[in-house]
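S.K.: build me a structure from this.
(2 chains, ligands or ions: 1)
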Amino acid sequence: MNHTISILCDDQPGVMTRISGLFSRRGFNIESLTVGHTELPGKSRFTIVVRGDDTVLEQVRKQLQKLVHVIKVWDIKNTEAVEREHALMKVEVAPEKRSEVLQIITALQARIIDSSDTVWILEITGDTNAVNNAFNLLGDYKIIESIRTGKISLKRGLLAK
Amino acid sequence: MSEKDKNKMTITGADAVLEALTNEGAEIIFGYPGGATLPLYDNLEKYGLRHILCRHEQGGAHMADGYARATGKAGICMATSGPGATNLVTGIATAFMDSTPVIAISGQVPREQIGNDAFQEVDITGITIPITKHNYLVNDPDTLSESVHEAFFLSTTGRKGPVLIDIPKDVLAANLKGPDKSQKAPVLEGYNPTIKGHSGQIKKAVALLKKAEKPVIISGGGVVGSGAEDALTEFARNTDIPVVATLTGKNGYPNTDRLYLGMIGYHGTAAGNNAIQKADVIVAVGTRFGDRTTGPLRNFAPNAVIIHIDIDPAEISKNVPSFLPIVGDASHIITSIADQLGTKNDSKRNEWRDYLLKLKTDREKPADDSRLNIPLILERLKKIVPDPIITTDVGRHQIFTAHHFPVDRKNSFITSAGLGTMGFGLPAAIGAKAGMPDDTVISINGDGSFLMCCQELVTAVEENLPVIAMVMKDQRLGMISQLQDAFYGERYNCCDLGNCVDFTKIAEGMGALGIRVETPEEIDDAIKTAINSGRPTVIEFILHEQGNTYPMVTGASLTEYIEE
Ligand SMILES: Cc1ncc(C[n+]2csc(CCOP(=O)(O)OP(=O)(O)O)c2C)c(N)n1
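M.R.: From the prediction side, this is the model:
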């Protein structure tokens, strides 16, 4: 099953290695990992998406919690959280396809953030499904390259327990 | 040093480290110098720290571990960058697996060379992430002292474990910008071990135990780690509940007590393993249910609900589902349960207890004294030295010692259980002796294992640490041959050690006393001579027979064992 692990930790060198090592040694392939600063000085938050056996992942969660610089770990159910992912896609759009692609962009609520001749860079924000849709729909055209941030996730409500 | 002297001088990184070590009550460093740690060596004397020069950094790490296990205080080892640091790795992993407080200090190449594949550069913090509780690469001399204090705090609290501090040479040599301030352990937001158990869970445990008809207690290594030996002993005696042990938990309960049923697991006793498999309630204290303890997991303790007491929440339901987990410090929790349960000698349980005690006593017999064998040697040793500190290597002799050398005193049985590190016995004994100089310290060695760290005999001689190494010379990797015997159709491949080694000559060559024993009649004299000599001694016991160690689980559950 897919799990979204959220980790609040000290912003310290090596934290990332310690965290990812606990996944890799158990043979988990991390599907996405994002990290960034938070409103708290010196604190970072990771969102890690990983697929794997529930009990083994529960063990990983507990081991993560034991890391000295990790303050709190949540295995977030997506029903209790808001999730966003961001993607950039560089697409080649032949002149005769312009209006078609523009329609798709509108439908996806994507934006064109750069264009030179036939090469456009599009920006898509949404939950993982929305970003997957963008890749599906634009897959019929020529995607030159692309990047996804991976999911970021926050639990709803006043305070995450 | 007086305050005035301190203010006069500039404080270097090395000073900050040594000062912090002294503040933490450190007395001894087990180390081996090299280029990167020279700034520390240059200042050692000033702080009155005793340095014990090991002859291999692995030995130094095991010494620190032996010191820690014997004294209950953190043990310190130190090595230079590169090969010095990598030589510590086995010792650090050994301490990690058995949760013992070891502080490892390694030198590192100067900051500007890090990442350049400089001479003797190795990423030791990277290497040791999975085998330390925490580690540091300290790049700022002004944070050195804080890191050292933090390291001690982490290493000795909660679930104990090794912590490594890696320090670039130029950080050791640099002057601090500010005063050397940090004295006490800092507050770490992400590190708050639970000490007191949850009162609701404790109540439930009491209720379960009141109803239990076939209860048993497992003493795990956490009993020793927490210092819960007395609490556990009182609890078991007041409730008349039999006690079994894991290898690290053997020293958590007096072995000569009538309720003690011995070790459980692959080499568990008949009474111990039957107790587990037939119990209805198990109180498991400070055990991680390692595979050597449980045997095949699916058949472990099929009839029991498990009350699992552990300070590490990650141990709860890791291997064995805990019906009732109680996270916290063992001695606190046992005391709380005991207080609420009171004295309870339930006649319903007498039958259960007597059944187990009979399983135990039926198998008690004096060792065969017609030929030289390990149980006999241990039996004689116990008569001559009733309460030594015992260390072991890894193999058959280790299991024999667990079964045949009862220990009653705290911190007196020291063995590498989790990692099973051959070569641990001698250096651990030296570390123990350094910390407990008034104790008789004896290591029980295999002839294979002994050679893995035998160079430390020199350390014992030079440092005047008279330990006694009893080498069980069966001329083979006994445990390996036992496995080949049981599971590989007696195809004894590559476990023959030959007969070219004369352990008495090794002893003499390193300045120690060497004694050979070939017959039962010579045992007592040899041990007495060793003790009276006041010198480090190797006693070589020539064993002529296979001497497999039993019981041994060969089937799919702990009660499917062979007894001979
Ligand atoms: C460093 C290391 N290498 C290999 C092993 C695997 N091993 C476990 S027991 C054993 C044999 C030990 O032989 P010896 O020290 O002579 O003790 P005996 O079993 O004969 O009592 C071996 C090789 C180990 N535990 N540790």
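S.K.: can you list the buried residues in the longest helix seen in chain A?
M.R.: The residue-count maximum for a helix in chain A (DSSP state H) belongs to helix A:54-66. By neighbour count on 16 or more other C-beta atoms under 10 Å in any protein chain shown, the buried set for helix A:54-66 is A:Leu57, A:Gln59, A:Val60, A:Arg61, A:Lys62, A:Gln63, A:Leu64, A:Lys66. For every residue, glycine as well, the C-beta is placed using N, CA and C.
S.K.: make a markdown table out of the residues you listed and add distance to B:Asn493.
M.R.: Shown next, in a markdown table, are the buried residues of helix A:54-66 (distance: C-beta to C-beta, whole Å):
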| residue | distance to B:Asn493 |
| --- | --- |
| A:Leu57 | 40 |
| A:Gln59 | 36 |
| A:Val60 | 38 |
| A:Arg61 | 43 |
| A:Lys62 | 40 |
| A:Gln63 | 37 |
| A:Leu64 | 42 |
| A:Lys66 | 41 |
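S.K.: closest to chain B out of these?
M.R.: Distance to chain B, by C-beta to the nearest C-beta, is smallest for A:Lys62 among the buried residues of helix A:54-66, at 3.7 Å.
S.K.: tell me if stretch B:317-337 is near chain A.
M.R.: Yes - with C-beta under 8 Å from any C-beta of the partner chain as the criterion, chain A is reached by stretch B:317-337 at B:Lys318.
S.K.: so the residue nearest to B:Met436 when sequence neighbours are not counted is in which element?
M.R.: With sequence-adjacent residues excluded and distances taken as C-beta to C-beta, 6 or more residues apart in numbering or on different chains, B:Met436 is closest to B:Ala70, at 5.0 Å. Assigned by DSSP states H and E, B:Ala70 belongs to helix B:57-71.
S.K.: what sits up against the following helix or strand past that helix?
M.R.: Using DSSP H and E, the helix or strand that follows helix B:57-71 towards the C-terminus is strand B:75-79. Counting contacts by C-beta atoms under 8 Å, 6 or more residues apart in numbering or on different chains, the residues outside strand B:75-79 that touch it are B:21, B:26, B:28-32, B:34, B:37, B:40, B:54, B:57, B:60-61, B:63-68, B:85, B:87-88, B:91, B:100-107, B:431, B:435.
S.K.: and chain A, which of those residues reach it?
M.R.: Of the contacts of strand B:75-79, not one also sits near chain A (C-beta under 8 Å from any C-beta).
S.K.: which strands and helices sit next to the helix or strand B:Asn273 falls within?
M.R.: B:Asn273 belongs to helix B:270-278 when assigned by DSSP H and E. If contacts are counted by 3 or more C-beta pairs under 8 Å, 6 or more residues apart in numbering or on different chains; DSSP states H and E, helix B:270-278 sits against strand B:215-219, strand B:243-245, strand B:260-263, helix B:347-362.
S.K.: quick one: which of those has the weakest pLDDT on average?
M.R.: Per-stretch averages of pLDDT across those put helix B:347-362 at the bottom, with a mean of 94.
S.K.: now that one: how far from the chain's centre is it?
M.R.: Between the centre of helix B:347-362 and the centre of its chain there are 31 Å (C-alpha atoms, centre = their mean, to the nearest Å).
S.K.: please point out which parts of that helix sit buried.
M.R.: So for helix B:347-362, counting by 16+ other C-beta under 10 Å, buried means B:Arg349, B:Trp352, B:Arg353, B:Leu356, B:Leu357, B:Leu359, B:Lys360.
S.K.: with stretch B:297-307 instead?
M.R.: Within stretch B:297-307, the residues scored as buried using 16+ other C-beta under 10 Å are B:Phe300, B:Ala301, B:Ala304, B:Ile306, B:Ile307.
S.K.: so what's the first one up against?
M.R.: Looking back up the chat, that one is B:Phe300. B:Ile276, B:Phe289, B:Thr294, B:Val320, B:Ser557, B:Leu558.
S.K.: ok, and the most crowded of the residues you listed?
M.R.: Within the contacts of B:Phe300, B:Ile276 tops the neighbour count with 28 neighbours, counted by other C-beta atoms under 10 Å in any protein chain shown.
S.K.: which members of the contacts of B:Phe300 are the farthest-apart pair?
M.R.: Distances among the contacts of B:Phe300 were taken as C-beta to C-beta; the most separated pair is B:Phe289 and B:Ser557, at 14.5 Å.
S.K.: per-residue pLDDT, B:Asn299?
M.R.: On pLDDT, B:Asn299 comes in at 95.
S.K.: could you find the closest non-adjacent residue to it?
M.R.: Closest residue to B:Asn299 apart from its sequence neighbours, by C-beta to C-beta, 6+ apart: B:Ser557 at 3.6 Å.
S.K.: distance between the ends of stretch B:534-550?
M.R.: Taking C-alpha to C-alpha, to the nearest Å, stretch B:534-550 runs 35 Å from one end to the other.
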